[in-house]
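Colleague: Sharing a model prediction with you, sequence too.
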Amino acid sequence: MIFKPSLHSIAKTSSLFGAGLILFSCQEAVDENSVLPFRPNILVISCEDISPFLGVYGDPVAQTPRLDQLAAEGIKFTSMYSNNGVCAPSRASLITGMYPTAIGANHMRNYSPDGSDYKWIPENIEVYEVVLPTGVKCFTEFLREEGYYCTNNSKTDYQFASPLTAWDEDGDQAHWRNKPKGKPFFSIFNLFVSHESQVWARGHLPLTVDPADVPIPPYFPDDSIIRHDIAVMYSNIHEMDRQVNHLIKEVEEAGLLDSTIIIFYSDHGGPLPRQKRSIKESGTHVPFIVWYPNGYRAGEVENRLASFVDVPPTILSLAGIKPPEYIHGKSFLGKYTEEPREYVFGGRNRMDEQIDKQGFVRDERYRYIRNYYPNQVEFMPVTYRMQMPMMKRMIELYENDELNETQRIYFENIRGEEEFYDVQNDPHEIRNLIEHPDYQEHISRLRNKFEKWDTEYNEMWHIPEVETREMFYPHNEQQVVKKPRFEMANGKLHIIAATEGSSIAYQINGQGHHPDHWFLYTEAIELSEGDLVSAIGVRAGFKNSAVVYHK
């Protein structure tokens, strides 16, 4: 395996600023804030649908040299969890820092990002956008307020349309290189190649992993079709790693490594059956890597528990911005680092057309699950997943009575109201210990923690989805932001929001930094004679206001 030159060696020699940071990296007990540049650039690389299937996490067949290097030179987090085992609810928590169960965003899914009808939604539910609580915004607005140029390329899938005020650029051409000179950037690139759908979409391509070499979890039968799909998954991960390398190379070639923090994660666990959509370890445990530009904490392994609600406040903290009080998460890096948490929480609801509801709490060793639809099996015949060859093969083997006892659990084990797993001794969570006498003290402790979390955060979680939609869409109509208004005071133009909780986007003479760009309004504007100001009121889950003008 051939590795690239150390990113730190490149960063440290790329400028006088980088060279100065070498001094810090050679000292012990260096304070994090003293080695970070003011307002560092932050590059986030998000991939789809992988558990820690990377070489640096001990996977025996993964071919991920760039990510392995990134972790070797950065911090590898071993206990990061999504709050749901599927993308849209997970991305709702990643953009808000709030539990999707708490804001009505926990179904998969309620809204189609391209504006079309979502064909896998039940017939009795019309598509809708989640309306965020008053005052809650995409965390990127707080970065923009502090001068960051924020870009997203390109997946959103937040359960609501991406607000105009969330990003300076949002789409498949969005890129940090378009930022104005002197501005720091925050940029997310979402890599799709490891997505569940690519197991069948790319199944005809040459493999980079031999199916004979892939590990087979005990809940899968050892079968040629299953081995092939797992090999496709690893081949897709290898291609994803190549794309990661390209994104890092762009920053390097621009001479910006010395001032850029790099973060990598997956949006939830693995893409295969009994992984994606599950709230067990296989569906929620994800890789998470943070790379600093100066070697700070290089090669460290961080075992503290964290979940996706913790990611937005951590990014704000790394930028030196105090997270808003409403955020549910706790920062684990940066200026506003908080005490480690002892538990992570989450849950799942409807998965496309299949109805279900489960919640979980996990500590450093155990997982407790609450089933709100007991007396059914774990397997759900989700139409979308039925396109995967190994899913069809598993059903065929089950119907032909060719699965062993462990493999049949997925299809025929009737759930009770609770489950409990010792993940340390049973990493695949096969043995439900809820009745085991030796674990009752731990079961009681986690049950109480789950119920406390549920009471504190999840009033909306227990409202039926039809009623939730009615709350968001009174009289079956999506709410519309009222038009903002203008006031001149002390020679400056003030733009005043007319809808509580809304933000304002504006342009001057038909453009922001470029013709497609809209500024985020944060303070009164000083105008030149003849300037034309256009403004739009924006709130997540609402329709934008009509454009208003001032000249």
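Modeller: In hand now; what should we look at? Residues are numbered from 1 along each chain as shown.
Colleague: start to end distance for stretch 520-540?
Modeller: Terminal residues of stretch 520-540 are spaced 14 Å apart (Cα to Cα, to the nearest Å).
Colleague: Past the helix or strand of the chain with the lowest mean pLDDT, which element shows up next along the chain?
Modeller: The weakest-scoring helix or strand in the chain, judged by mean pLDDT, DSSP states H and E, is helix 16-25 (a mean of 34). Scanning forward in sequence from helix 16-25 by DSSP states H and E, the next helix or strand is helix 32-35.
Colleague: I'd like the average pLDDT over that next one.
Modeller: On average, the pLDDT along helix 32-35 is 74.
Colleague: Same check on stretch 333-347?
Modeller: For stretch 333-347, the per-residue pLDDT averages 98.
Colleague: buried residues in it?
Modeller: By neighbour count with 16 or more other Cβ atoms under 10 Å, stretch 333-347 contains the buried residues L333, G334, Y336, T337, R341, Y343, V344, F345, G346, G347. All C-beta atoms are positioned from the backbone trio N, CA, C, and that covers glycine.
Colleague: Over to stretch 544-551?
Modeller: So, applying 16+ other Cβ under 10 Å, buried residues of stretch 544-551: N544, S545, V548, H550.
Colleague: Now Y234. Nearest residue, chain neighbours left out?
Modeller: V209 (4.1 Å; Cβ to Cβ, 6 or more residues apart in numbering).
Colleague: Is the one you found in contact with V61, as I believe?
Modeller: Yes - taking Cβ atoms under 8 Å as the definition, V209 is a contact partner of V61 at 5.5 Å.
Colleague: Identify the contacts common to those two.
Modeller: Taking Cβ atoms under 8 Å, 6 or more residues apart in numbering as the criterion, V209 and V61 both touch Y234.
Colleague: circling back to that earlier point, reformat the buried residues of stretch 333-347 as JSON lines; add secondary structure and distance to V131.
Modeller: Output for the buried residues of stretch 333-347, formatted as JSON lines (DSSP: H, G, I helix; E, B strand; the rest coil; distance: Cβ to Cβ, whole Å):
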{"residue": "L333", "secondary structure": "coil", "distance to V131": "31"}
{"residue": "G334", "secondary structure": "coil", "distance to V131": "30"}
{"residue": "Y336", "secondary structure": "coil", "distance to V131": "28"}
{"residue": "T337", "secondary structure": "coil", "distance to V131": "32"}
{"residue": "R341", "secondary structure": "strand", "distance to V131": "28"}
{"residue": "Y343", "secondary structure": "coil", "distance to V131": "29"}
{"residue": "V344", "secondary structure": "strand", "distance to V131": "26"}
{"residue": "F345", "secondary structure": "strand", "distance to V131": "23"}
{"residue": "G346", "secondary structure": "strand", "distance to V131": "21"}
{"residue": "G347", "secondary structure": "strand", "distance to V131": "20"}
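Colleague: Check the residues you listed and tell me the two furthest apart.
Modeller: G334 and G347 (28.0 Å; Cβ to Cβ).
Colleague: I504 versus N490, what's the distance?
Modeller: The spacing between N490 and I504, counted by Cβ to Cβ, to the nearest Å, is 19 Å.
Colleague: Between those two, which has more neighbouring residues?
Modeller: Each of N490 and I504 has its neighbours counted (other Cβ atoms under 10 Å); I504 has more, 23 against 7.
Colleague: Okay, that one and Q479: tell me how far apart.
Modeller: Distance of I504 to Q479, given as Cβ to Cβ: 17 Å.
Colleague: if I pick N84, what's in contact with it?
Modeller: S90, S93, P100, N106, M108, H268, I279, T284, G346, G347, R348 are the contacts of N84 under Cβ under 8 Å, 6+ apart.
Colleague: hmm, 7 Å instead?
Modeller: Applying Cβ atoms under 7 Å, 6 or more residues apart in numbering to N84 gives the contacts S90, P100, N106, H268, G346, G347, R348.
Colleague: about what we covered before: residues near the residue nearest to Y234, how many?
Modeller: V209: 20 neighbours (other Cβ under 10 Å).
Colleague: Show me what counts as buried in stretch 73-84.
Modeller: E73, G74, I75, K76, F77, S79, M80, Y81, S82, N83, N84.
Colleague: Settle this for me: the third one is touching A298, isn't it.
Modeller: Okay, so that is I75. No - I75 lies out of contact with A298 (Cβ atoms under 7 Å); the separation is 8.1 Å.
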